[in-house]
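> Sequence plus the predicted model coming up.
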Amino acid sequence: MCGMTAFAPTRSGISRRSLLTAAATLAGGGALTACGMASGTPAPKDGTSTRAKGGKAVFMATGDAERFQIRDGLMPLLEETTGVKGEWIHHAGAAYYDKLFSMMASDTAPDLFLFAPSYFAELVTSTRLRNVTPLIKRDKYDLSDFPEKAIVQYTWQGNQFGFPQDFPTRSLFYNVELFRRAGLALPPGDYGFNPTVWNWQRFQEAARKLTTGDPEAGGTYGWNTQYAWRQYSGWVFTNGAEVFNKEMTECTITDAKPVEALQLLPDMVHRHKVAPTRQVTQRENYETLFTSGRVGMVESLPGAINRYRAVQGFSFDVTPLPPGGTSGGAKAATGGGSGYGMFGGTKNVDAAWEFFKFIEGPEAQLAHARGGATYPSRKSIQVHPEVAVAGRPPEHFKMFVEGQKYVRLDPQTSNWREIEAAIDKELVPLWDGERSAREAAAAVKRVVDPLLKAAEARKPRD
């Protein structure tokens, strides 16, 4: 997530010498000792060396040009350390899943693939993901370097069906200079804060003081957000509320606390006038509004850090979402990143497993993280000095690591994508000031409860 040299992409990709040099540096520095890793492949706990499997495996993933280059550049090291010849299928754009599912249906599926957590339960229940628990046990694969919730996110009925590519937590980013100009104390940089110091009331006060001039005519807004599940659900969770019951059989969004949390967001836009409308954000660009000084605080994730760092003279830091409404709240974050999985029908299990372990290994994760392409899922790489860089913003980078204790994972139900889309749709009139939170919540419940019942009916019975 910062400027680095050893893994720096070149026009021809990442050199094998650079990768090996970096790996030696990491090993010599002891940064990876705790996870027992070397050359991207886990050392079995019984002390024996990992046997090279050979063969070939294909991995399909989406992303941008930088990620494609990093992935391709890692392939010589994969073959040298495991004997497996790896191949990437890069597919950018919105049609990624259409292409992936089409390949699965036509018996041309890749051995491994990247997917969003919203697809996880659907992929498992349709047998498109392979249970890798037997492989983990066979190789004594060490999971201790991954955050517990990152592993839980891809666990289904006690078995592992995927691994985290990354594991970011979302938070508030703020403009340090604007806070100082407004005479505001800087908000806390970790989760150990006293809720009397940082809560909804303090957050709203800061947003009001940061709002200057006529925001719509070039002044400054106090705060901004976007309106997808991981953004708005965070405010429900920090209010000590839930959107569903524990059994995922009923939508509880019409309860008092979720309604209170949902009403907070449009009130900031339409009542208090301290945040731009969705239309202003779409016209002027979410990140540009922040980096140009037109917005004092935004909700974002660590993947944005390098873009913010690239703006000359821009000083920013991070703070947790504030807890609490009028009835008290909780510390919480949303996030979860994306996952890697093995196709349920692959015929190249051993080769695919070696590829899988390699791309989840420390060298591969560091190669991605140092360029800002992704926030690593390995704990050892999250705090690596070339990722959490001293002297560069945000000062409280390690807050993202701490936030993993508080992260709320996406629900696991086979039709989660359909449910999420239904909630998003019914909440749009709320964000635009055309419905109250109570009215919007009632509309959500009418649509979502039947979907939850349909998912429950499809569950296998003993």
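All right, it came through fine.

> which strands and helices sit next to the longest helix seen in the chain?
When the chain is scanned for its longest helix (criterion: DSSP state H), the result is helix 437-458. If you count contacts as 3 or more Cβ pairs under 8 Å, 6 or more residues apart in numbering; DSSP states H and E, helix 437-458 packs onto helix 256-266, helix 416-431. Where you see a C-beta, it was placed from the backbone N, CA and C, and this is true even at glycine.

> Flag the helix or strand of this structure with the lowest per-element mean pLDDT.
Lowest on mean pLDDT, DSSP states H and E among the helices and strands of the chain sits strand 37-38, with a mean of 36.

> picking up where we left off before, give the buried residues for the longest helix of the chain.
437, 440-441, 443-445, 447-448, 451-452, 455 (16 or more other Cβ atoms under 10 Å).

> And this structure, what are its domain boundaries?
16-168+336-408, 171-334+413-458 (automatic domain parsing).

> returning to that earlier point: now tabulate the buried residues of helix 437-458 in TSV and tack on pLDDT and distance to Arg181.
As requested, the buried residues of helix 437-458 are exported to TSV (pLDDT from 0 to 100; distance: Cβ to Cβ, whole Å):
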residue	pLDDT	distance to Arg181
Ala437	98	33
Ala440	98	36
Ala441	98	38
Ala443	98	41
Val444	98	40
Lys445	98	44
Val447	98	45
Val448	98	44
Leu451	98	47
Leu452	97	48
Ala455	93	50
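
> circling back: from the rest of the structure, what touches the longest helix of the chain?
125, 244, 248-251, 253-254, 258-260, 262-263, 266, 413-415, 418-419, 422-423, 426-427, 429-430, 435 (Cβ atoms under 8 Å, 6 or more residues apart in numbering).

> so that helix versus helix 256-266, what angle?
Put simply, helix 437-458 runs at 120 degrees to helix 256-266, going by axes from the mean of the first three to the mean of the last three Cα atoms, to 10 degrees.

> Work out the gap between helix 437-458 and the centre of the chain.
Between the centre of helix 437-458 and the centre of its chain there are 26 Å (Cα atoms, centre = their mean, to the nearest Å).

> ok, Leu129 - contacts?
120, 123, 161-162, 341-344.

> what ranges of the stretch 201-350 of the chain fall below the confidence cut-off?
Applying pLDDT under 70 to the stretch 201-350 of the chain flags the ranges 325-327.

> Tell me which stretches of it form strands.
221-224, 295-300, 316-319, 333-334, 339-342 (DSSP state E, counting those that start in this stretch).

> looking at those strands, which is closest to Ser233?
Taking Cβ to Cβ, strand 333-334 is the member of the strands of the stretch 201-350 of the chain nearest to Ser233, at 5.9 Å.

> Show me what that closest one is packed against.
Contact analysis of strand 333-334 by 3+ Cβ pairs under 8 Å, 6+ apart lists helix 229-238, strand 407-408 as its packing neighbours.

> Run me through the strand neighbours of it, direction for each.
Under the criterion DSSP bridges, strand 333-334 sits next to strand 407-408 (parallel) in its sheet.

> so what's the closest residue to Ser171 other than its chain neighbours bridging to?
Nearest non-adjacent residue to Ser171, counting by Cβ to Cβ, 6 or more residues apart in numbering: Val318, 5.0 Å away. Beta-bridge partners of Val318, counted by DSSP bridges, are Phe173.

> do the same with Val295
Tyr221.

> any idea how far Phe237 is from Tyr287?
In this structure residue 287 is Glu, not Tyr. 24 Å (Cβ to Cβ, to the nearest Å).

> who's more crowded, the two?
The neighbour comparison of Glu287 against Phe237 (other Cβ atoms under 10 Å) goes to Phe237, with 24 against 18.

> Surely that one and Gly324 touch.
No - between Phe237 and Gly324 there is no contact under Cβ atoms under 8 Å: 11.3 Å.

> joint contacts of these two?
Contacts common to Phe237 and Gly324, judged by Cβ under 8 Å, 6+ apart, are Ala330.

> How about the residue nearest the centre of the chain: what's its closest non-neighbour residue?
In the chain, the centroid-proximal residue (Cα atoms, centre = their mean) is Gly337; its distance is 2.7 Å. Nearest residue to Gly337, sequence neighbours excluded (Cβ to Cβ, 6+ apart): Asp166, at 3.7 Å.

> Now for that neighbour, how many residues are close by?
Asp166: 23 neighbours (other Cβ under 10 Å).

> how about it, what does it touch?
With Cβ under 8 Å, 6+ apart, Asp166 has these contacts: 337-338, 368, 374-377.

> try 10 Å this time
Residues near Asp166 by Cβ atoms under 10 Å, 6 or more residues apart in numbering: 150, 301-303, 335-339, 365, 368-369, 373-378, 382.

> Arg307 now?
287-288, 290-291, 300, 372.

> Okay, and which of those residues map to helices?
287-288, 290-291.

> Closest to Gly192 out of these?
Once Cβ to Cβ is applied, the member of those that ends up nearest Gly192 is Phe290, at 26.0 Å.
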